[in-house]
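**Q** 3D, please:
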Amino acid sequence: MATATQERAEKIYPGGAWPFAALLLGNAALALGPWLVRLADTGPVAAGFWRMALPLPLFLWLAWRELRGRQGVAAPTSRTACILLAAGVFFALDLASWHLGIELTKLGNATLFGNSGSLILMGWGLFALRRAPSRAEVLALAAALTGGAILLGRSLEVSTSTLVGDLLCVLAGAFYVLYLLPAQAARATMGQWTVLALVCASAAPVLLLLAVVLGEPVWPGTAGWTPVLGLALSSQIVGQGLLVYSLRHFSPLVVGMALLTQPAIAALSGWLAFDEWLAWPDIAGMALVAGALVIARAGAADD
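**A** Residues are numbered from 1 along each chain as shown. Okay, the predicted model is just below:
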C-alpha cells in the first residue's frame, strides 16, 4: 500500500493554459484590493464589511444550487456550521487588521505581510508535529526573518505609523491561518460555495460592529460605490473564484510562485497611484520574504 507521502509525490497536476490564466488573473484581482481600500471613503474596516456583504446574496444562491445538486456535497451539520461561523470571525479579524494596515504602510508591504500566513502555518506544522525543520524550512524561515527585518526597519525609518501598519498586516496573516484551518477541514465534505457563504455571513456583521466601534464612516460618501463594489467584485468574487477554480490544477510550488504577482502588482499600483517608491533595500527585503513564501508553499506538499 502506498504511503500518503508517495501518493502526494505521484499526484499529477493537469495544468493547462486556461487554468494558468485563471491563476494569474485571480492573483492580479486580489492584488488590486489594497488600492481599492485606499480609494474607498468608508473606513478601512467598513470597506471589509462591504467586501463580505455585497457578494453574500450571490454566494447564498450558489450554495443553494450546490446543496440542491448534492453531487458529493454534504449539507453542513450543526457542529460544522458552528466551526465555520467561528472561522468567519477570524476572517473578519484578518480583514480588519489588514485593511487598517493598508492605510498605514506601503501597498507592497501590506500585500506581502498579509500573505505571511503560509510561513506561520509552516511554523505551526513543525510545532504540532514536534519535529526539527528541514533544510528548506530553515532556509525559508531565515529568508523571511531577514527580509521582514529589512522591511520593518525601512518602515521605521519613515515613521512609527508605517511600522505599526506592517505589524497589523503580519497580525492579519496570523488571523488568516486561524480562519484557513477550520475552513479547509470543512471543505473536505462541503462544497466551496456553502463554506464561503457561511464564512461571509459570519464575517460581515463582525466587521460592521468593529467599524461602528472604531467610529468609521460605513456608508460610501463622495467617492461613491465604485471602490467598494470593485473591492467585492475583484477580491471576493473574481479573485477567490478564479483561485478556487485553478488551485487543483497546479502544485503548491506553482501556486506559490503565482502568489508573488500580488505584492509586485500592489507595489506597482502604490507607485502609480500614491507615489510610493521602492528603494533597493525594499526590493531586497520583498524578494527575501517572497522567496520564503514560495518555499513554504512548496513544503506544504510534503506535510
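**Q** and stretch 100-111, how far apart are its ends?
**A** Across stretch 100-111, the terminal residues are separated by 12 Å (C-alpha to C-alpha, to the nearest Å).
**Q** Secondary structure element for A63, which one?
**A** helix 56-69 (DSSP states H and E).
**Q** got the buried residues for whichever helix or strand comes after that helix?
**A** Note on helix 56-69: by DSSP H and E, the next helix or strand toward the C-terminus is helix 78-102. Residues of helix 78-102 classed as buried by neighbour count (16 or more other C-beta atoms under 10 Å): 80-81, 83-85, 87-102. Using the backbone N, CA and C atoms, a C-beta is placed for each residue, glycine as well.
**Q** Next: stretch 267-284.
**A** Within stretch 267-284, the residues scored as buried using 16+ other C-beta under 10 Å are 267-270, 276, 278, 282, 284.
**Q** likewise stretch 63-70?
**A** 63, 66-67.
**Q** other SSEs contacting the helix holding A63?
**A** Counting contacts by 3 or more C-beta pairs under 8 Å, 6 or more residues apart in numbering; DSSP states H and E, helix 56-69 packs against helix 192-213.
**Q** So which residues make contact with the helix or strand just after the helix it packs on?
**A** Downstream of helix 192-213, the first helix or strand assigned by DSSP H and E is helix 226-231. For helix 226-231, contacts defined as C-beta atoms under 8 Å, 6 or more residues apart in numbering pick out 32-33, 36-37, 39-42, 47, 50-51, 54, 220.
**Q** let's see 10 Å
**A** By C-beta atoms under 10 Å, 6 or more residues apart in numbering, the residues outside helix 226-231 that reach it are 29, 32-42, 46-51, 53-54, 99, 219-220, 238-239.
**Q** of those residues, buried ones?
**A** Here, 16+ other C-beta under 10 Å leaves 29, 32-40, 42, 46-51, 53-54, 99, 220, 238-239 buried among the contacts of helix 226-231.
**Q** Which of those residues fall in helices?
**A** Residues of the buried ones among the contacts of helix 226-231 located in helices (DSSP state H): 29, 33-39, 46-51, 53, 99.
**Q** quick check, nearest of those residues to S116?
**A** For those, the minimum distance to S116 (C-beta to C-beta) is 14.8 Å, reached by P34.
**Q** Can I get stretch 55-67 as PDB, trimmed to CA atoms?
**A** Output of stretch 55-67 as PDB, limited to C-alpha atoms (Å, rounded to 0.1, in the frame of the first residue of the first chain):
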ATOM      1  CA  PRO A  55     -21.400  39.200  -2.600                       C
ATOM      2  CA  LEU A  56     -23.300  37.400   0.100                       C
ATOM      3  CA  PRO A  57     -26.600  37.000  -1.900                       C
ATOM      4  CA  LEU A  58     -24.700  35.600  -4.800                       C
ATOM      5  CA  PHE A  59     -22.900  33.100  -2.600                       C
ATOM      6  CA  LEU A  60     -26.100  32.100  -0.800                       C
ATOM      7  CA  TRP A  61     -27.700  31.400  -4.200                       C
ATOM      8  CA  LEU A  62     -24.700  29.400  -5.400                       C
ATOM      9  CA  ALA A  63     -24.600  27.400  -2.100                       C
ATOM     10  CA  TRP A  64     -28.300  26.600  -2.500                       C
ATOM     11  CA  ARG A  65     -27.700  25.300  -6.000                       C
ATOM     12  CA  GLU A  66     -24.700  23.400  -4.700                       C
ATOM     13  CA  LEU A  67     -26.700  21.700  -2.000                       C
END
